[in-house]
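[1] model this:
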Amino acid sequence: MIALQPGDCHAFEAAGRRFVYLAPSAAVMAIDDASAAVLDTVAARPHSRDELVAALAARHAADEVDEAVGELVRVRALARVEMPHRPAPKVLPLTPIPLATMVMNVTNQCNLSCAYCYEYGEDKIVQTENGTQPKWMSEETARASVDFLLRESGRVAHLTFFGGETLLNFKVLKFAVPYAKARAAELGKEIDFSLTTNATLLKPEIIEFLAEHNFGVTISIDGPRDLQNKFRLFHNGAGSYDLVAPKIKALMARHRGRPIGARVTLTRETLDVRRIYEHLTSELGFWEVGFAPVTSAPGRAHALGEGGFDEVLAQFRDLAGDYRDAALEGRHHGFGNVHETLGEIHKGASKAWPCGAGFGLLGVSTAGDVALCHRFAGSDDHKLGDVRGGIDRTAQAAFLDTHHVANKTDCQTCWARPVCAGGCYHEAHTRYGTTERPNLHYCEWIRGWTDTCLRIYGEIAEANPGFFRQFEATYEAPQPS
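    Take a look at the predicted model:
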């Protein structure tokens, strides 16, 4: 007698209905009472068809059970006990792969000395002391980088400027942007611009430039004065909040073309998610706030210790409830983490790799070396070519092959793999010394957060499905974090 058990899926409830998230297809499927009863029954222990019919006889007729079993087996929400797990197929993209976003590191220098920065101490990957990576990108390298992007991109290209502190090399931005616009027009392509900054160097000339060229702006800031000044310090130890707050408000008053977002780094000592969010949105006026747990070797003082990820998850869930309430009423809410995950769920994202790094997104170092992303720009071990000679397609193909989620044994039985695919390469390198390892230290966090977002997705889908049209109308290019 064939015994059945839960398959490659995750069951959840939302708005009084039962759903399953199907890992093989990354689809969300509402299920009826009979299907829910079957899944609940086999979750306790495997059952044969006859055992299921007998166990559910008081509630469902045999033909209902048979129909439910057939459908659940078809979508792989039920599986035979004796059948081995079928791993996801290892499908590699066709080459050449169009480049959607290039992150151009215009400097590796910074005017702040944030203790948790991944450019410090044991977390540092790229060494600049030997002089192989210049401190500042030159105009010649910027020109070659723009040409590289437009050569490798499709019809639309996205250019992100990054640092260090990006605006320390503002003169290269002033050169690169008009040059990129002119070259894109010659080639019949579109190009847009974004940058990440700590906001310390914002001044009228720079604000006007960002507004004139409709930059997407992300500001690295950790919240109200006491939290911002905990780690985001100048080299002399002075806090940065009182300098950046008025500059941010001046930017928002002038630059209304695109919403301005904040990126917050959460550490062991700065974990008050709601307080940070409310300050950044209500008092400083940010449209969206995204939070990221600090990337750090586990022994460092600011690293999230035991229970730290649980605390972040609890606070995320609390704030996500506000997002859900706003969405049900058709109002905007700026919690970027839940917004991004809902978008991936709605689009049916099923990732073979955790992000665009290595193909849709590439980082360029100050010398013009091309790497997986901005965090590896300048690292010889993670080099995928250079802007003058182009992408090393052999190295790129080898990277995509070795880093495919199908190679990550621990991921194969995880229902959350479509939205995770093992997690950030830089985080893996910092924790385990290799980009090929999945980030096992936050697997429970990922599953818990994905479950939260699935439940919110189900509630919104039942009560205000039109909310999701925003994810269908726009293309979101891969962005650095």
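
[2] so where's the stretch 201-350 of the chain uncertain?
    By pLDDT under 70, the stretch 201-350 of the chain has no low-scoring segment.

[3] now do the helices in it.
    If you assign secondary structure with DSSP state H, counting those that start in this stretch, the helices in the stretch 201-350 of the chain sit at 204-212, 225-231, 241-254, 273-278, 308-328, 336-347.

[4] need the CA coordinates for the shortest one. PDB is fine.
    What follows is helix 273-278, C-alpha atoms only, in PDB (Å, rounded to 0.1, in the frame of the first residue of the first chain):
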ATOM      1  CA  VAL A 273      12.900  48.300  14.400                       C
ATOM      2  CA  ARG A 274       9.600  50.100  15.000                       C
ATOM      3  CA  ARG A 275      11.200  53.100  16.600                       C
ATOM      4  CA  ILE A 276      13.700  53.300  13.800                       C
ATOM      5  CA  TYR A 277      11.000  53.000  11.100                       C
ATOM      6  CA  GLU A 278       8.700  55.600  12.700                       C
END
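
[5] what comes up buried for stretch 24-37?
    For stretch 24-37, a neighbour-count test (16 or more other Cβ atoms under 10 Å) marks 24, 26, 28, 29, 31, 34, 35, 36, 37 as buried. (Glycine included, C-beta is placed from N, CA and C.)

[6] residues contacting the residue nearest to residue 167 when sequence neighbours are not counted?
    Counting by Cβ to Cβ, 6 or more residues apart in numbering, the nearest residue to residue 167 once its immediate chain neighbours are dropped is residue 201, at 4.0 Å. Taking Cβ atoms under 8 Å, 6 or more residues apart in numbering as the contact definition, residue 201 lies against 111, 165, 167, 168, 170.

[7] re the thing from before, redo the buried residues of stretch 24-37 as JSON lines? Include distance to residue 457.
    Listed next are the buried residues of stretch 24-37 as JSON lines, based on distance: Cβ to Cβ, whole Å:
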{"residue": "24", "distance to residue 457": "18"}
{"residue": "26", "distance to residue 457": "12"}
{"residue": "28", "distance to residue 457": "7"}
{"residue": "29", "distance to residue 457": "12"}
{"residue": "31", "distance to residue 457": "15"}
{"residue": "34", "distance to residue 457": "23"}
{"residue": "35", "distance to residue 457": "19"}
{"residue": "36", "distance to residue 457": "18"}
{"residue": "37", "distance to residue 457": "23"}
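
[8] out of these, which sit inside strands?
    For these, the ones inside strands are 28, 29, 31, with DSSP state E as the criterion.

[9] surely the second one is in contact with residue 18?
    No: using Cβ atoms under 8 Å, residue 29 is not in contact with residue 18, being 9.7 Å away.

[10] quick revisit: any idea how far the residue nearest to residue 167 lies from residue 396?
    Computed as Cβ to Cβ, to the nearest Å, the residue 201 to residue 396 distance reads 35 Å.

[11] residue 208 now?
    Between residue 208 and residue 396 the distance is 39 Å, computed by Cβ to Cβ.

[12] need the distance between the two termini of stretch 17-36.
    Distance between the two ends of stretch 17-36: 10 Å, counting by Cα to Cα, to the nearest Å.

[13] what does that stretch rub up against?
    For stretch 17-36, contacts defined as Cβ under 8 Å, 6+ apart pick out 8-13, 39, 56, 59-60, 64-65, 67-68, 71-72, 75-77, 88, 345, 348-350, 414-419, 450, 454, 457-458, 461-462.

[14] and the buried ones among those residues, selectable in ChimeraX?
    Buried members of those can be picked out in ChimeraX with the line below, counting by 16+ other Cβ under 10 Å:
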select :8,9,10,11,12,39,56,60,64,65,68,71,72,75,76,77,88,345,350,414,415,416,417,418,419,450,454,457,458,461
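
[15] which ones among the contacts of stretch 17-36 map onto strands?
    9, 10, 11, 12, 13.

[16] correct me, but the last one touches residue 455?
    Yes: applying Cβ under 8 Å, one finds residue 13 in contact with residue 455, separated by 7.3 Å.

[17] would you mind measuring from the spatially closest residue to residue 373 that is not a sequence neighbour to residue 14?
    On the basis of Cβ to Cβ, 6+ apart, the spatially nearest residue to residue 373 that is not a chain neighbour turns out to be residue 357, at 4.0 Å. Applying Cβ to Cβ, one obtains 32 Å for the distance of residue 357 from residue 14.

[18] before we move on, what about residue 418?
    Between residue 418 and residue 14 the distance is 18 Å, computed by Cβ to Cβ.

[19] where's residue 269 relative to residue 233, distance?
    When residue 269 is compared with residue 233 (using Cβ to Cβ), they lie 13 Å apart.

[20] what is the end-to-end distance of stretch 227-235?
    This stretch, stretch 227-235, spans 17 Å end to end (Cα to Cα).

[21] what's it in contact with?
    Outside stretch 227-235, the residues that touch it by Cβ under 8 Å, 6+ apart are 111-116, 198, 220-222, 239-241, 244, 265, 267, 269-270, 272, 275-276, 302.

[22] list the buried residues of it.
    Applying a neighbour-count criterion of 16+ other Cβ under 10 Å, the buried positions in stretch 227-235 are 227, 228, 229, 230, 231, 232, 233.

[23] all helices of the stretch 351-481 of the chain, in order?
    Residue ranges of the helices in the stretch 351-481 of the chain, as given by DSSP H, counting those that start in this stretch, are 393-402, 417-420, 425-432, 443-463, 469-473.

[24] highest mean neighbour count out of the ones you listed?
    Ranked by mean neighbour count under mean count of other Cβ atoms under 10 Å, these are led by helix 417-420, which reaches a mean of 24.

[25] from the chain's centroid, how far away is it?
    Going by Cα atoms, centre = their mean, to the nearest Å, the spacing between the C-alpha centre of helix 417-420 and its chain's C-alpha centre is 11 Å.

[26] packing partners of it?
    Taking 3 or more Cβ pairs under 8 Å, 6 or more residues apart in numbering; DSSP states H and E as contact, the helices and strands that helix 417-420 lies on are helix 336-347, helix 443-463.

[27] got the contact list for residue 264?
    Applying Cβ under 8 Å, 6+ apart, the residues near residue 264 are 221, 222, 223, 276, 280, 289, 290, 291, 292.

[28] same check, this time on residue 217
    By Cβ under 8 Å, 6+ apart, residue 217 lies in contact with 194, 195, 197, 210, 251, 255, 258, 260, 261.

[29] residue 214 too?
    Residues in contact with residue 214 (Cβ under 8 Å, 6+ apart) are 192, 193, 257, 258.
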